[in-house]
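Participant: the following block contains a protein sequence and its predicted model.
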Amino acid sequence: MGGRDEAVEEEALVVGALAAHLDRDRLAAVEARRLDTTVDVQRGADPERVPRAVAVPRAAGGLDAVGRRDGGEGSRHADLVRARLEHERVRVVEAAPPLRDLLPGDSGRLGDLVRARRPPELLTRDHVSRCIVREIKEGRGSPHGGVFLDISWIKARIPHAAEHIKKKLPSMYHQFKQLADIDITQEPMEVGPTTHYIMGGVRVDADTQMSTVPGLFAAGEVGAGLHGANRLGGNSLSDLLVFGMRAGKYAAEFAARQSASRIDPQQADEIVRAALEPFNRQGGGEGPYQVEHDLQTMMQELVGIVRREQEIRRAIDSLKTLRERAAKVSVTGNREYNPGWHTALDLQNLITVSEIVARAALERKESRGGHFRDDFPDKDPNYGKFNIVVRRGSAGEMQVTREPLPEMREDLKRIVEENK
Ligand SMILES: Cc1cc2nc3c(=O)[nH]c(=O)nc-3n(C[C@H](O)[C@H](O)[C@H](O)COP(=O)(O)OP(=O)(O)OC[C@H]3O[C@@H](n4cnc5c(N)ncnc54)[C@H](O)[C@@H]3O)c2cc1C
């Protein structure tokens with residue numbers, strides 16, 4: 001079991017999922033066609049309903065990992081770097097879009113980035129992130145590993161600047177004030193880039209949102225393909241509404257066409273046994289948070305915003321060790337709301353998704369959107385002709401292939417050309 005629930009398969013058809021109540025000592029197998037029925041795998045049948053999602057998008061990589069293990073495909077030059085700069089004075093900002101509005105009539109500037117240096121324009125998030133990384137690498141970082149962002153300079157440009165900043169950036173102002181006692185209307189703040197979106201994911205059919213595993217549907221951030229190499233700001237919500245609706249509609253139609261297939265209790269028991277294993281290793285293994293932290297740090301450093309072949313290869317090697325460590329972690333306490341246990345379950349998926357990201361990043365010897373290779377800094381038009389697909393091979397290994405993109409319609413090509 002990976003994550004807090006898991007698709008349970010029957011001859012490559014999803015027949016249900018195993019769900020854990022986060023706040024109760026209860027695991028339940030949910031049959032795919034019988035949405036109102038749950039079977040408590042440890043205590044016998046239970047009439048209580050478990051809320052069920054058609055597909056569970058997972059920040060911790062659950063569905064991506066399930067999709068890959070079960071023949072699904074995913075990950076196109078994605079970024080998976082969940083490490084955050086969370087020192088008291090460093091805040092993760094969404095690069096800079098809100099700052100664009102600071103000065104009426106101004107195209108926007110990223111303040112005084114690292115005091116002396118300043119990008120001439122306000123650029124896209126991936127570009128700003130790379131600028132920050134470069135500043136840190138070249139020794140101009142701030143004390144807590146970020147850079148300084150100063151927006152107080154607008155005092156020189158407009159009257160009532162402090163009120164203006166508070167009105168335009170209320171949550172940013174309050175967070176800094178409350179968490180770090182910094183008044184961003186008067187002094188610089190420390191900022192750093194973090195993961196904003198994963199562009200890769202489970203490969204789905206664009207119309208139905210069904211993955212290559214029959215019965216497994218994915219929509220939203222967990223699904224791959226919609227946004228290409230770089231998601232534009234603000235369109236995630238419309239993505240969810242449009243493709244979430246499609247996933248629900250087609251999942252219901254698909255379910256209605258299936259004959260009653262049942263969850264194999266033995267298979268469910270096996271998944272439950274594996275899920276509970278971290279409790280039985282008490283005193284043996286290390287804690288899950290240490291492994292998670294090391295994974296985050298390693299991925300941030302080696303497969304982060306700026307990537308290089310040697311570093312990606314080192315990351316793939318490190319993942320082997322991390323996987324071994326993750327298989328031995330132990331947890332204590334009860335099963336009711338136990339974040340340590342959930343982290344232990346998430347770890348396998350996080351490592352799987354990290355490996356997919358690393359292998360796809362290695363394969364893409366160019367820079368495009370959120371994927372930047374220091375050793376291949378330019379976009380290569382040949383790489384725009386295929387997707388990188390990662391599948392599980394027959395021996396359980398990851399297979400990386402290039403799959404040609406379908407030819408774009410002429411009218412769409414014209415629109416792209418006109419907007420270049
Ligand atoms: C800092 C930040 C700012 C952003 N700003 C914008 C913006 O301004 N505009 C925009 O369009 N987009 C923005 N995005 C992106 C957008 O928020 C996400 O892409 C979007 O919320 C993804 O929605 P989702 O439903 O696909 O996944 P999620 O919102 O990640 O939902 C997944 C859900 O599944 C649950 N879950 C996960 N695993 C399990 C499991 N194993 N069992 C049960 N439940 C599980 C999670 O708890 C979660 O509730 C931003 C993202 C970030 C990080």
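Facilitator: Sure thing, it's come through. Residues are numbered from 1 along each chain as shown.

Participant: tell me the pLDDT at the residue of the chain found nearest the ligand?
Facilitator: Taking CB to the nearest ligand atom, the ligand has its nearest neighbour within the chain at G220, 2.3 Å off. Bear in mind the C-beta positions are built from the backbone N, C-alpha and C, glycine included. As predicted, G220 sits at a pLDDT of 92.

Participant: so who does it touch?
Facilitator: P57, S236, D239, L240, F243, G244 (CB atoms under 8 Å, 6 or more residues apart in numbering).

Participant: show me which of the residues you listed is closest to I271.
Facilitator: Among those, P57 lies closest to I271 (CB to CB), at 20.3 Å.

Participant: now do the longest helix seen in the chain: which elements does it pack against?
Facilitator: In the chain, ranked by residue count with DSSP state H as the criterion, the top helix is helix 339-363. For helix 339-363, the packing partners by 3 or more CB pairs under 8 Å, 6 or more residues apart in numbering; DSSP states H and E come out as helix 62-69, helix 265-280, helix 288-302, helix 309-326, strand 386-392, strand 398-404.

Participant: from H227, how far out is E407?
Facilitator: 20 Å (CB to CB, to the nearest Å).

Participant: please say which of the two ends up with more neighbours.
Facilitator: H227 (21 against 8; other CB atoms under 10 Å).

Participant: the more buried one - nearest residue in space that isn't next to it in sequence?
Facilitator: M199 (5.8 Å; CB to CB, 6 or more residues apart in numbering).

Participant: in terms of pLDDT, where does that neighbour sit?
Facilitator: The model's pLDDT for M199 equals 85.

Participant: comparing the helices and strands packed on helix 339-363 by mean pLDDT, which bottoms out?
Facilitator: helix 62-69 (a mean of 43).

Participant: quick one: A162 and K177 touch, right?
Facilitator: No. The criterion here is CB atoms under 8 Å, and A162 misses it with K177 at 11.7 Å.

Participant: list the buried ones in the longest helix of the chain?
Facilitator: 341-363 (16 or more other CB atoms under 10 Å).

Participant: which residues of the stretch 101-250 of the chain lie near the ligand?
Facilitator: Neighbours of the ligand within the stretch 101-250 of the chain, by CB under 6 Å from any ligand atom: H196, Y197, G220, E221, V222, G234, N235, S236, L237, L240.

Participant: secondary structure element for the closest residue to the second one other than its chain neighbours?
Facilitator: Across the structure, with CB to CB, 6+ apart as the measure, the residue nearest Y197 apart from its sequence neighbours is R231 (5.0 Å). Using DSSP states H and E, no element contains R231; it sits outside every helix and strand.

Participant: give me the number of neighbouring residues for F217.
Facilitator: Neighbours of F217 using other CB under 10 Å come to 28.

Participant: got the contact list for it?
Facilitator: V54, A55, V204, T208, Q209, M210, S211, A247, Y250, A251, F254.

Participant: residue contacts, E366?
Facilitator: Applying CB under 8 Å, 6+ apart to E366 gives the contacts R373, F376, D378, K379, D380, Y383.

Participant: walk me through the domains of the chain.
Facilitator: Annotated domains of the chain cover 5-79+199-403, 90-192 [automatic domain parsing].

Participant: I'd like the ones you listed as JSON lines, with distance to K413 appended.
Facilitator: Converted to JSON lines, the domains of the chain look like this (distance: least, CB to CB, whole Å):
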{"stretch": "domain 5-79+199-403", "distance to K413": "12"}
{"stretch": "domain 90-192", "distance to K413": "23"}
